[in-house]
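> Give me the fold of what follows.
(one chain, ligands or ions: 2)
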Amino acid sequence: MSKEIYENPDLKKERQNCPFNKEEITHLLDGGKEKTIERKQLENYILSDEQLKDAVPMEYLSHADKYAEELRKACLLMHKLADSPAGQVPTLRALMGAGLGSAVLKEGNPLALHYVMFIPALMGQGTIDQQAKWLEKAYNLNMIGTYAQTELGHGTFLRGLETRATYDPKTQEFILESPSLTAYKWWPGSLGKTANYAVVMAQLYTKGKCEGTHPFMVQLRDEETHEPLPGIVNMWLNPVCISSYIHYGTYVKPTNSKLSYATMVFVRVVVCQDVTTNLRKAVTIATRYSCVRRQSELKPGDREPQVMDYQAQQNKLLPPLAATFAFQLAADHLWNLYHTANNNIEQGDLELLPDLHGLSCALKALCSSEAANFVEVCRQSCGGHGYMSCSNFPRIYGQVTAAETYEGENTVLWLQVARYLVKTRKEQSGGLSVKYLIGEEKGPKTVDTTLEGIVKLYRRAAVGLVDVAIAELDKSGRKGEAPHDAWNHAAVYLIKAAQAHARLFVVESFVDSLKEGKLSAPVRTVLSQLCELFIIYWLLERSGDFFLCSNLTKQDLLLLNSKYVELLAAIRPQAVNLVDSFDLRDEVLNSPLGCWDGNVYQRLFDEAAKSPLNQSNVHESFHKYLKPLLKSNL
Ligand SMILES: CC/C=C\C/C=C\C/C=C\C/C=C\C/C=C\C/C=C\CCC(=O)SCCNC(=O)CCNC(=O)[C@H](O)C(C)(C)COP(=O)(O)OP(=O)(O)OC[C@H]1O[C@@H](n2cnc3c(N)ncnc32)[C@H](O)[C@@H]1OP(=O)(O)O
Ligand SMILES: Cc1cc2nc3c(=O)[nH]c(=O)nc-3n(C[C@H](O)[C@H](O)[C@H](O)COP(=O)(O)OP(=O)(O)OC[C@H]3O[C@@H](n4cnc5c(N)ncnc54)[C@H](O)[C@@H]3O)c2cc1C
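Ligands and ions are numbered 1, 2, ... in the order given. Predicted structure coming up:
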């Protein structure tokens, strides 16, 4: 007789009479039905492999054992990659991301940098000959690389990197050196124990002149013994410049000095998708748990309600639920822009480079910071159980907060966006992602609280805040301040303007996607509700920006607040069905709180039982330390 599959009765009830086709949303998020089929096949292919399962929870292993265990699985995954039915690159991308990859490699993928930065650096900056020499070797894993840019003393300010690459015309070689302690490469993933090659960013010196930071291929370790090569600690010999700027000893300037920063742009684009995947996991865990958890008293004398029935809980979880759709659609738009810009750049057309830089900085900073805040709210919404390591919130939170720092610290990126916006606004030049700065809203500043009216408010705020920042810069200039001082003294306004620009892009992506998308009426209804909820939520959170730049009134805000709480109530019944549409397997969620069947308490109990401390009633330390203390009559 088939074993009855347990399903928590509350979750079961949540799933009854779903008014929309969940698979339609799954296909939308995957990029089509075929992609969903491919993803599910890949998940089965990977997650069914017993050798990829952890014998004991990773949190109970030592640092060294964690590394060894993750490396074992990563190497096994690479073998499976070669035989993957879905093909190498789709499998690779799935394995690198926050979804399938982190279901297997919970502490991090020791080979991630090889694929996320080392190979993209070769592809984006290597000459044809260099790619012919190294790309196949890298794809065949006959070499393991990393991207070594950040130093102890510098991570943000690339023009301040100390590692030097001096070209010797006699030997036609580059001598790489770390001239000081602060020049030591620090942070590069895999550099410590895994990689035997690195793309090293260093200041290129030739004929006594510094030509700025350039990428160099450096062998770090012997390919057989894995021993560090002689002098590798602070003097690196025989690197090869990855690029084609040295012709017979003469430096040939690249068409754009920032092309050497291209790898970072690629990763910033990827990070937007990655943090969205992590946010989707956190929202799923918190939403399902909030429909299983019953606590306190809503109506005196009634049964304890599901905590999701508290408006306060809906206010915590439904905006991040909506954000997962908003960020996904914006990340898709950015990915398309990246491909268009990259194809053009390969043809020598750099026109879209500033837009790509501006937008990738804006979305990476926005998606990572918002996702980090939302993941923490999701954790808090699960009370004490959300704090447990096995809830998976600590790990998810660690991953999204890391993204606020790596690949460009967010504040620094916001200022890059502001630099681009001020320049564009002043030049009134074209510019893909600032189209509305040119085509700003004309006509009366009256507010209408329809979806279109709210989008117009976002547009006014994006334009208005750039103008406020420019006015601050001009005011400082009139006081005789030097441009760099004026810039520094306007930083608060500049960052607000950059963030308003990023929010407008996300809002327009969401609204435009719903207009263009071929959606069934029920799916369009629920996604439109999420879209309206999200853009009102952000407006209410940042109402100061809108007051500054439009005729928004107190009455308008009260009306929008009412609309917001109405939308919370309207979406509440579909919360579980919406997170079910993400189609995240329990192994990917990796959390007893978020499991599909809602059997939370038994799974929590089973997880606790795995602790080494729970393998005996009295731990040996009692006899060593506690018992003597108890007897010591202090
Ligand atoms: C094969 C692939 C297979 C699988 C992969 C697929 C999926 C992977 C899936 C999941 C992976 C998930 C996530 C990613 C995982 C891991 C990431 C791992 C680790 C992180 C690695 C790192 O952190 S690497 C180090 C990152 N470091 C930085 O980002 C440094 C930040 N600093 C800078 O970028 C620069 O210093 C600066 C931009 C802040 C300032 O530079 P600089 O001082 O030189 O410039 P100015 O400010 O003076 O501006 C001068 C003009 O240059 C323009 N500019 C600046 N930068 C760029 C750029 N990048 N592109 C274009 N233009 C640029 C700027 O706009 C100015 O222009 P003007 O016209 O105004 O003069
Ligand atoms: C998990 C993780 C993985 C990483 N992996 C790699 C890797 O594989 N390879 C690699 O090369 N690097 C890697 N890094 C390093 C990372 O890229 C840097 O830490 C990041 O670029 C930030 O630079 P920083 O550490 O110098 O911070 P800093 O810039 O020193 O930040 C300190 C403070 O200074 C502020 N600040 C700096 N400049 C300005 C400015 N112009 N205006 C206003 N405020 C400013 C910042 O906003 C911040 O508040 C990794 C980092 C992490 C956390």
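> which residues does Q203 contact?
Neighbouring residues of Q203 by C-beta atoms under 8 Å, 6 or more residues apart in numbering: 161-165, 210-214. Backbone N, C-alpha and C define where each C-beta goes, glycine included.
> do that again at 7 Å, thanks
Residues near Q203 by C-beta atoms under 7 Å, 6 or more residues apart in numbering: 161, 163-165, 210, 212-213.
> ok, now D583?
Per C-beta under 7 Å, 6+ apart, neighbours of D583: T26.
> Pull up the residues of the stretch 51-200 of the chain that are close to ligand 2.
By the rule C-beta under 6 Å from any ligand atom, the part of the stretch 51-200 of the chain lying against ligand 2 is 113, 147-150, 154-156, 187-189.
> closest to L548 among those?
T156 (29.3 Å; C-beta to C-beta).
> From ligand 2, how far off is the residue nearest to that closest one when sequence neighbours are not counted?
Sequence neighbours aside, V412 is the residue nearest to T156 in space, at 5.0 Å (criterion: C-beta to C-beta, 6 or more residues apart in numbering). Relative to ligand 2, V412 is positioned 5 Å away (C-beta to the nearest ligand atom, to the nearest Å).
> check which helix or strand covers F547.
In this assignment (DSSP states H and E), F547 forms part of helix 543-549.
> So which elements touch the helix or strand just after that helix?
Helices and strands here follow DSSP H and E; after helix 543-549, the next one along the chain is helix 554-571. Counting contacts by 3 or more C-beta pairs under 7 Å, 6 or more residues apart in numbering; DSSP states H and E, helix 554-571 is packed against helix 311-346, helix 521-541.
> And for the last one, what's in contact with it?
In this case it means helix 521-541. Here helix 521-541 has contacts from 19-21, 24-25, 318-319, 321-323, 325-326, 451, 454, 457, 503, 507, 510-511, 514, 519, 546, 560-561, 563-564, 567, 570-571, 574, 578, using C-beta under 7 Å, 6+ apart.
> now those: which count as buried?
20, 25, 318-319, 321-323, 325-326, 451, 454, 457, 503, 507, 510-511, 514, 519, 546, 560, 564, 567, 571, 574, 578 (16 or more other C-beta atoms under 10 Å).
> coming back round to it: reformat the residues of the stretch 51-200 of the chain next to ligand 2 as JSON lines; add neighbour count.
Converted to JSON lines, these look like this (neighbours: other C-beta atoms under 10 Å):
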{"residue": "L113", "neighbour count": "25"}
{"residue": "Y147", "neighbour count": "27"}
{"residue": "A148", "neighbour count": "29"}
{"residue": "Q149", "neighbour count": "25"}
{"residue": "T150", "neighbour count": "19"}
{"residue": "H154", "neighbour count": "17"}
{"residue": "G155", "neighbour count": "18"}
{"residue": "T156", "neighbour count": "12"}
{"residue": "W187", "neighbour count": "13"}
{"residue": "P188", "neighbour count": "21"}
{"residue": "G189", "neighbour count": "21"}
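> of all those, which comes closest to A198?
Nearest member of those to A198, counting by C-beta to C-beta, is A148, at 4.3 Å.
> Check the secondary structure at the closest residue to ligand 2 within the chain for me.
Nearest residue of the chain to ligand 2 (C-beta to the nearest ligand atom) works out as G155 at 2.6 Å. Of the three states, G155 takes coil according to DSSP: H, G, I helix; E, B strand; the rest coil.
> May I have the phi/psi pair for the closest residue in space to it that isn't next to it in sequence?
Excluding the flanking residues, the one nearest G155 by C-beta to C-beta, 6+ apart is W187, at 6.8 Å. Here is the backbone geometry of W187 (degrees, to the nearest 10): phi 90, psi -30.
> Looking at W187 now. What's its pLDDT?
On pLDDT, W187 comes in at 89.
> what's the spacing between it and ligand 1?
Distance from W187 to ligand 1, by C-beta to the nearest ligand atom: 7 Å.
> same check, this time on L191
With the distance defined as C-beta to the nearest ligand atom, L191 ends up 11 Å from ligand 1.
> P319 too?
24 Å.
> what ranges do the helices span in the stretch 301-450 of the chain?
311-346, 353-380, 393-405, 410-427, 435-438 (DSSP state H, counting those that start in this stretch).
> A502: neighbour count?
By the criterion of other C-beta atoms under 10 Å, A502 has 27 neighbours.
> same question but for F266, I mixed them up
20.
> ok, it - contacts?
When contacts are counted by C-beta under 7 Å, 6+ apart, F266 touches 120, 124.
> rewinding a little: closest to S178 out of the residues of the stretch 51-200 of the chain next to ligand 2?
Using C-beta to C-beta, those come closest to S178 at A148, 10.5 Å.
> Could you list the contact residues of this structure toward ligand 2?
113, 147-150, 154-156, 187-189, 402, 405-406, 408-409, 411-412, 415.
> Spell out which residues of this protein are next to ligand 1.
Near ligand 1, when you scan the chain using C-beta under 6 Å from any ligand atom, you find 92-93, 96-97, 112, 115-117, 119-120, 147, 149-150, 155-159, 189, 258, 261, 264-265, 267, 270-271, 274, 353, 357, 406-408, 412, 416, 419-420, 423.
> try it again with 5 Å
92-93, 96-97, 115-116, 119, 149, 156, 158-159, 258, 261, 264, 270-271, 274, 357, 406-408, 412 (C-beta under 5 Å from any ligand atom).
> Can you add mean pLDDT and give the helices and strands packed on helix 554-571 back as JSON lines?
Below are the helices and strands packed on helix 554-571 laid out as JSON lines (pLDDT from 0 to 100):
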{"stretch": "helix 311-346", "mean pLDDT": "95"}
{"stretch": "helix 521-541", "mean pLDDT": "98"}
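> which residue packs closest to R303, ignoring adjacent ones?
Closest to R303 by C-beta to C-beta, 6+ apart is R294, at 7.2 Å.
> Need phi/psi at the one you found.
Main-chain torsions, R294, degrees, to the nearest 10: phi -110, psi 130.
> what's the neighbour count on it?
13.
> From what I see, it and D309 are in contact.
No. Counting by C-beta atoms under 7 Å, R294 sits too far from D309 to count as a contact (9.4 Å).
> filter the residues of the chain next to ligand 1 to the buried ones?
Buried among the residues of the chain next to ligand 1 (16+ other C-beta under 10 Å): 92-93, 96-97, 115-116, 119, 149, 158, 261, 264, 270-271, 274, 357, 406-408.
> Quick one: the strands in the stretch 101-250 of the chain, in order.
Counting by DSSP state E, counting those that start in this stretch, residue ranges of the strands within the stretch 101-250 of the chain are 145-148, 164-168, 173-177, 197-206, 209-219, 235-236, 240-241, 246-247, 250-251.
> Most neighbours of all the contacts of Q203, which one?
Most surrounded of those: other C-beta under 10 Å gives A165, at 25 neighbours.
> ok, what's across the strand from the residue lying closest to it once chain neighbours are set aside?
In space, and not counting its chain neighbours, A165 is closest to A202: 4.1 Å by C-beta to C-beta, 6+ apart. Going by DSSP bridges, A202 is paired in beta bridges with H214.
> ok, now how distant is A202 from Q41?
43 Å (C-beta to C-beta, to the nearest Å).
> Just want to know which of those two has more residues nearby.
Applying other C-beta under 10 Å to A202 and Q41 shows that A202 carries more neighbours, namely 29 against 13.
> thought E376 was touching V400?
No. Counting by C-beta under 7 Å, E376 does not reach V400; the two are 9.1 Å apart.
> ok, the two, which is more surrounded?
Neighbour tally, E376 and V400, criterion other C-beta under 10 Å: the higher count belongs to V400, 27 against 17.
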